[in-house]
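Trainee: coordinates only, sequence not included:
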Ligand SMILES: O=P(O)(O)O[C@H]1O[C@H](CO)[C@@H](O)[C@H]1O
Ligand SMILES: Nc1nc2[nH]cnc2c(=O)[nH]1
């Protein structure tokens with residue numbers, strides 16, 4: 001397989017990855033014969049970037065001709081049934097920065113990309129969610145494959161116990177610091193979206209707990225499930241090719 005990779009620092013006006021574990025490369029190649037572009041590292045509000053800069057790659061992908069965006073993230077599990085290592089298919093989100101007015105589409109609307117008031121009730125493609133469930137079951141992943149609601153916060157501090165309890169009551173199954181901004185911009189310009197959270201740690205909900213969220217655990221769980229996540233995503237990509245039914 002031939003790939004061509006560009007360091008973010010060599011791409012004019014592209015933001016730079018500052019997070020440990022985010023390589024900072026844009027990789028072009030084929031995945032099971034399908035042309036793909038992959039971000040090795042994404043951008044977050046807590047890195048200090050304006051929200052429009054964080055989501056700029058989505059518009060670049062649209063202009064490159066990308067039709068489907070697959071996003072993955074690491075997240076803390078709020079749902080008490082979730083275990084570390086579970087993979088959650090995101091079916092919906094809670095956009096906390098958006099509640100406070102920090103939305104990537106705020107400001108003048110660029111009509112070349114999409115409408116002023118885009119719908120978000122269909123943000124996560126339902127056919128792709130079903131396909132992921134089917135693929136997961138074929139691969140023998142059903143025991144650790146979930147469907148749930150992802151909540152984005154600004155970070156970089158992890159949540160307090162009271163915050164975790166509140167987010168759980170509000171209907172979130174997992175909490176993180178990414179993805180939602182990209183989803184909004186991708187949907188605004190009409191790309192199809194599928195997203196997964198790897199539950200890398202359990203959110204601490206109890207004052208008796210000795211557990212503490214930390215980035216090392218996040219990276220470690222990521223490594224442990226990397227192969228299975230890769231297989232899941234690459235098989236989904238293969239099915240997109242077979243079905244080719246989303247044009
Ligand atoms: O970048 P993603 O996969 O969302 O990673 C999550 O994990 C990091 C914290 O450990 C934060 O960046 C948070 O957003
Ligand atoms: N906000 C947040 N982000 C995470 N990323 C990975 N785990 C977590 C977590 O527990 N909380």
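Mentor: Okay, I see it. Owing to the predicted nature of the structure, the values given are computational and were not obtained by experimental measurement. Residues are numbered from 1 along each chain as shown. Ligands and ions are numbered 1, 2, ... in the order given.
Trainee: every contact and neighbour count from this point should use C-alpha atoms.
Mentor: Fine.
Trainee: need the residues that contact stretch 155-166.
Mentor: Contacts of stretch 155-166 from elsewhere in the structure, counted by CA atoms under 8 Å, 6 or more residues apart in numbering, are 45, 46, 78, 176, 177, 203, 204, 205, 206, 207, 213.
Trainee: can you say which of those residues are buried?
Mentor: Neighbour counting with 16 or more other CA atoms under 10 Å marks 45, 78, 176, 177, 203, 204, 205, 213 as buried within the contacts of stretch 155-166.
Trainee: near ligand 1 too, which of those residues?
Mentor: Applying CA under 6 Å from any ligand atom to the buried ones among the contacts of stretch 155-166, one finds that 176, 177 fall near ligand 1.
Trainee: need the max-distance pair from the buried ones among the contacts of stretch 155-166.
Mentor: Using CA to CA, the pair of those lying farthest apart is 45 and 205, separated by 24.6 Å.
Trainee: circling back: ok, so of the buried ones among the contacts of stretch 155-166, who is nearest ligand 1?
Mentor: When the buried ones among the contacts of stretch 155-166 are compared for distance to ligand 1 (CA to the nearest ligand atom), residue 177 comes out closest, at 3.5 Å.
Trainee: state the next helix or strand along the chain beyond the helix or strand harbouring residue 62.
Mentor: Assigned by DSSP states H and E, residue 62 falls within helix 51-64. With elements assigned by DSSP H and E, the helix or strand that comes after helix 51-64 is strand 68-77.
Trainee: that next one - contacts with which helices or strands?
Mentor: Counting contacts by 3 or more CA pairs under 8 Å, 6 or more residues apart in numbering; DSSP states H and E, strand 68-77 packs against strand 174-176, strand 192-202.
Trainee: just send the buried ones among the contacts of stretch 155-166 back as CSV, with pLDDT too.
Mentor: As requested, the buried ones among the contacts of stretch 155-166 are arranged in CSV below (pLDDT from 0 to 100):
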residue, pLDDT
45, 96
78, 98
176, 98
177, 98
203, 97
204, 97
205, 96
213, 91
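Trainee: turn the buried ones among the contacts of stretch 155-166 into a markdown table, columns for distance to residue 229.
Mentor: Below are those laid out as a markdown table (distance: CA to CA, whole Å):
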| residue | distance to residue 229 |
| --- | --- |
| 45 | 25 |
| 78 | 21 |
| 176 | 18 |
| 177 | 20 |
| 203 | 21 |
| 204 | 25 |
| 205 | 27 |
| 213 | 22 |
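Trainee: packing partners of the helix or strand hosting residue 218?
Mentor: Following DSSP H and E, one finds residue 218 within helix 215-243. Using 3+ CA pairs under 8 Å, 6+ apart, the elements in contact with helix 215-243 are strand 25-31, strand 34-40, helix 126-138, strand 192-202.
Trainee: angle of the helix or strand bottoming out on mean pLDDT in the chain against strand 192-202?
Mentor: Here the helix or strand of the chain ranked lowest by mean pLDDT, DSSP states H and E is helix 215-243, holding a mean of 89. Angle between the axes of helix 215-243 and strand 192-202 is 150 degrees (criterion: axes from the mean of the first three to the mean of the last three CA atoms, to 10 degrees).
Trainee: what about helix 215-243, near ligand 1?
Mentor: Yes. Judged by CA under 6 Å from any ligand atom, helix 215-243 comes into contact with ligand 1 at 215, 218.
Trainee: what residues of that helix count as buried?
Mentor: If you call a residue buried by 16+ other CA under 10 Å, then helix 215-243 has these buried ones: 218, 221, 222, 225, 229, 232, 233, 235, 236, 237, 239, 240.
Trainee: so which of the residues you listed also contact ligand 2?
Mentor: Answer for these near ligand 2 (CA under 6 Å from any ligand atom): residue 218.
Trainee: ok so, going back, would you turn the helices and strands packed on helix 215-243 into TSV with mean neighbour count?
Mentor: Formatted as TSV, the helices and strands packed on helix 215-243 follow (neighbours: other CA atoms under 10 Å):
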stretch	mean neighbour count
strand 25-31	16
strand 34-40	15
helix 126-138	17
strand 192-202	25
